[in-house]
Structure formats: structure tokens, C-alpha cells
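Trainee: Let me see the structure of the following:
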Amino acid sequence: MVEQVISENWGRLVYLGLLLVAVGGYFVLEIRRRPGRTLQQAAIWGLIFLGTLAAVGLWSDIQKQVTIPEQAVMSDGRIEVPQAQDGHYYLTAEVNGKPIRFVVDTGASQIVMTQRDAERAGIDTGQLAYIGQARTANGLVATAPVRLQSFDLGPIHDSNLRAVVNRGSMDTSLLGMTYLTRFAKVEFARGTLILER
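Mentor: Residues are numbered from 1 along each chain as shown. As a prediction, the model looks like this:
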């Protein structure tokens with residue numbers, strides 16, 4: 001097995017060496033005949049090559065930003081959420097009448113809001129008592145308990161929900177288990193999250 005890997009690598013090395021000799025030889029002959037034009041063409045091809053490498057390297061990021069994510073399908077008490085490119089499920093709920101984007105997180109025990117989202121929902125984060133703690137990938141962070149007057153997810157309305165505001169750094173608010181357990185059915189099926197009341 002090791003000998004096979006060595007022979008494959010050796011074959012690639014020989015191939016690349018021959019390719020380099022052929023391209024380098026052509027370049028040397030052309031630069032002797034027409035130095036100015038050859039250098040100009042070499043610079044153009046070099047820029048094309050670098051541009052192609054950059055595009056390939058950034059393609060996944062470009063695709064995430066350009067691709068419009070599919071929207072959740074909501075009817076009566078049923079919500080179907082397609083899986084996003086990053087593998088998560090996102091929902092936009094109206095919290096106290098303001099649209100807030102959440103990532104569905106079965107690892108979170110509660111509804112956890114970022115400070116930015118809490119302020120958008122009309123919560124004065126400067127007056128909160130950060131008396132709780134949550135264990136995250138970044139370590140322990142302080143949290144403050146809050147009550148959400150209204151929480152509307154499509155046709156589903158809840159009021160006076162318990163949640164916490166995270167004092168730490170978070171990109172997106174989380175829909176945790178205290179909210180998900182309000183549903184009679186929570187199912188993950190073929191890249192779709194299905195919630196039913």
C-alpha cells in the first residue's frame with residue numbers, strides 16, 4: 001500500500017516536471033524572439049490564473065451570499081423549514097411585533113436572544129439583570145431572563161414566553177427546546193424540519 005502511494009506520487013512529480021520543462025522551454029524561446037509581448041502575455045495569463053484560484057477558493061462563500069435561501073412553508077399549525085446551505089434551520093418570528101431571525105437549536109434549552117435582537121424587539125438591555133449563566137462553545141456567558149410579550153411564527157401565536165438575553169457574542173438568536181416542546185411534532189426528514197402544533 002505504501003509502495004503504491006509512493007509510485008503514484010512519483011508519477012505525478014515526473015508529469016509536473018515534464019510540464020514545467022515544456023512550458024518553461026516555450027517561454028524561454030518566446031522571450032528571446034519577442035521579449036516585450038511575451039512578458040505582457042505572461043502577466044495576463046498569471047492574472048487569469050490567480051483570479052481563477054481566488055474564485056475557486058471563495059466559491060462556497062459567494063454561493064452562500066448569492067443563493068436566496070428557501071423560505072419556510074407555513075399553513076395552519078404546520079411549518080416546514082428547508083435546511084440552509086450551512087446545515088442549519090432558520091426561522092423568522094415576530095417578537096413583540098418585530099421580525100427576528102432565529103436558528104433552530106435543539107442543543108439550547110431556552111430561547112436565547114442576542115443583545116441586538118432583544119433591543120430590536122423593544123427590550124432595554126441596559127436595564128437587564130444578567131444573573132444567569134449559559135455554557136457555550138466560547139465558555140460561560142452571562143444571561144438575563146426576560147418575558148416576550150408576543151411571539152408569532154407564521155400562523156402560530158404565543159404570548160408571555162420566557163427567554164434569555166445573552167451578554168456574550170452571538171451572531172443569531174436561538175430557538176431552543178422550551179419553545180420546540182410547545183409543538184406536538186418536531187421531525188427532521190430529508191433536509192426539512194417539520195413542526196406541528
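
Trainee: Please count neighbours and contacts with C-alpha atoms only from this point.
Mentor: Fine.

Trainee: and residue 27, that's in a helix?
Mentor: Yes - membership of residue 27 in a helix is supported by DSSP: H, G, I helix; E, B strand; the rest coil.

Trainee: and the longest strand anywhere in the chain, what other elements does it pack with?
Mentor: Using DSSP state E to assign secondary structure, the strand with the most residues in the chain is strand 139-153. Packing partners of strand 139-153 (3 or more C-alpha pairs under 8 Å, 6 or more residues apart in numbering; DSSP states H and E): strand 90-95, strand 132-136, strand 156-166.

Trainee: ok, now with 10 Å
Mentor: Using 3 or more C-alpha pairs under 10 Å, 6 or more residues apart in numbering; DSSP states H and E as the contact criterion, the elements in contact with strand 139-153 are strand 90-95, strand 98-104, strand 112-113, strand 132-136, strand 156-166.

Trainee: How confident is the prediction for residue 160, by pLDDT?
Mentor: pLDDT recorded at residue 160 is 95.

Trainee: just the helices and strands packed on strand 139-153: most buried one?
Mentor: Using mean count of other C-alpha atoms under 10 Å, the stretch among the helices and strands packed on strand 139-153 with the largest mean neighbour count is strand 112-113, at a mean of 27.

Trainee: what does that one rub up against?
Mentor: The set of residues external to strand 112-113 that reach it, using C-alpha atoms under 10 Å, 6 or more residues apart in numbering, is 100-102, 105, 118-119, 121, 134, 143-146, 162-167, 170-176.

Trainee: helix, strand or coil for the spatially most central residue of the chain?
Mentor: The chain has residue 86 as the residue nearest its centroid, 4.4 Å off, counting by C-alpha atoms, centre = their mean. In three-state terms, and counting by three-state DSSP, residue 86 is coil.

Trainee: circling back to that earlier point, tell me which strands the longest strand of the chain pairs with, and in which orientation.
Mentor: With DSSP bridges as the test, strand 139-153 is paired with strand 90-95 (antiparallel), strand 132-136 (antiparallel), strand 156-166 (antiparallel).

Trainee: quick one, domains of this protein?
Mentor: Residue ranges for the structural domains of the chain, counted by automatic domain parsing, are given in the record as 2-66, 73-196.

Trainee: coming back round to it: nearest to residue 74, out of the strands paired with strand 139-153?
Mentor: In terms of C-alpha to C-alpha, the element of the strands paired with strand 139-153 nearest to residue 74 is strand 156-166, at 9.3 Å.

Trainee: Mind checking what helix or strand follows that closest one in sequence?
Mentor: Along the chain past strand 156-166, the next helix or strand (assigned with DSSP states H and E) turns out to be strand 173-175.
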